[in-house]
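J.: Just to be clear, the model below is a prediction. Sequence and coordinates:
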Amino acid sequence: MKIAGMEFVVLDTETTGFDVNRGARLLEVAGVRIRDWRIVEEDFFDSLIDPGCIVPITITGLTGISNLTVKGMPPVEKVLRDFFRFVEDSILVIHNAPFDLSFLNHFGERCGLGRLSNTYIDTIEMSRSLFRRSRNNLDILLARLGIVADSRHRALGDAMATARAFLAMSEKMGKESVTRFVRK
């Protein structure tokens, strides 16, 4: 796989819970484009979603997203249709990819859009490889890299922070070595 010309979309989701198989739903989806190893600040996707259920108070406490925040927001079908178009065939970059992909693929299938077939890089794998530590949550990774996140626990803020962490780790380990983290 050639590193030149790679385009990435760094994504994040906010949800009503931790397990899509136990009824948790999407609340927010965001993506930030990286082209030529730079964040394209004006090329992003960010949308709240009406989950069609009550937002748990614990999630409101963590994200600031309340029932009032999502009232009147578009349904998951519309947001995912637009988001899947936004990512197209870019390589996805996700911190804890199995979590976000479980939600995006579950609701993508439920809405008739199918699953995301993009290749992806999980920044947790990159962090484990680079720092050789067992704890690699986003807060710890950002602290290791000296990155201060804006709007932590909101999809666009976390996608932007993950993008900055991805670029910093790519620089530290050498951009050519990033291809070893690409998964299907």
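T.: Perfect, I can see it now.
J.: which residues of this protein fall in helices?
T.: Under the criterion DSSP state H, helices of the chain are mapped to 57-63, 67-70, 76-87, 97-110, 123-131, 138-145, 155-173.
J.: And the first one, what does it pack against?
T.: Helix 57-63 makes packing contacts with strand 7-15, strand 26-35 when contacts are defined by 3 or more Cβ pairs under 8 Å, 6 or more residues apart in numbering; DSSP states H and E. (Glycine included, C-beta is placed from N, CA and C.)
J.: Give me the residues contacting it.
T.: Residues from elsewhere that reach helix 57-63 (Cβ atoms under 8 Å, 6 or more residues apart in numbering): 14-17, 27-28, 65-67, 153-154.
J.: any idea how far V40 is from D89?
T.: 16 Å (Cβ to Cβ, to the nearest Å).
J.: what about those two, which has more around it?
T.: Set side by side, V40 and D89 show more neighbours around V40, with 14 against 9, by other Cβ atoms under 10 Å.
J.: before we move on, back to that, deepest-packed of the helices of the chain, please.
T.: Greatest average neighbour count among those goes to helix 155-173 (a mean of 21), per mean count of other Cβ atoms under 10 Å.
J.: mean confidence for it?
T.: Computed over helix 155-173, the mean pLDDT rounds to 98.
J.: who does that helix touch, helix- and strand-wise?
T.: Helix 155-173 packs on strand 7-15, strand 26-35, strand 38-48, strand 91-94, helix 123-131, helix 138-145, going by 3+ Cβ pairs under 8 Å, 6+ apart.
J.: can you redo these as a markdown table with mean pLDDT and distance to L116?
T.: A markdown table is the format used below for those (pLDDT from 0 to 100; distance: least, Cβ to Cβ, whole Å):
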| stretch | mean pLDDT | distance to L116 |
| --- | --- | --- |
| strand 7-15 | 97 | 9 |
| strand 26-35 | 98 | 11 |
| strand 38-48 | 97 | 13 |
| strand 91-94 | 98 | 7 |
| helix 123-131 | 96 | 17 |
| helix 138-145 | 96 | 20 |
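J.: Out of those, which gets nearest to C111?
T.: strand 26-35 (10.6 Å; Cβ to Cβ).
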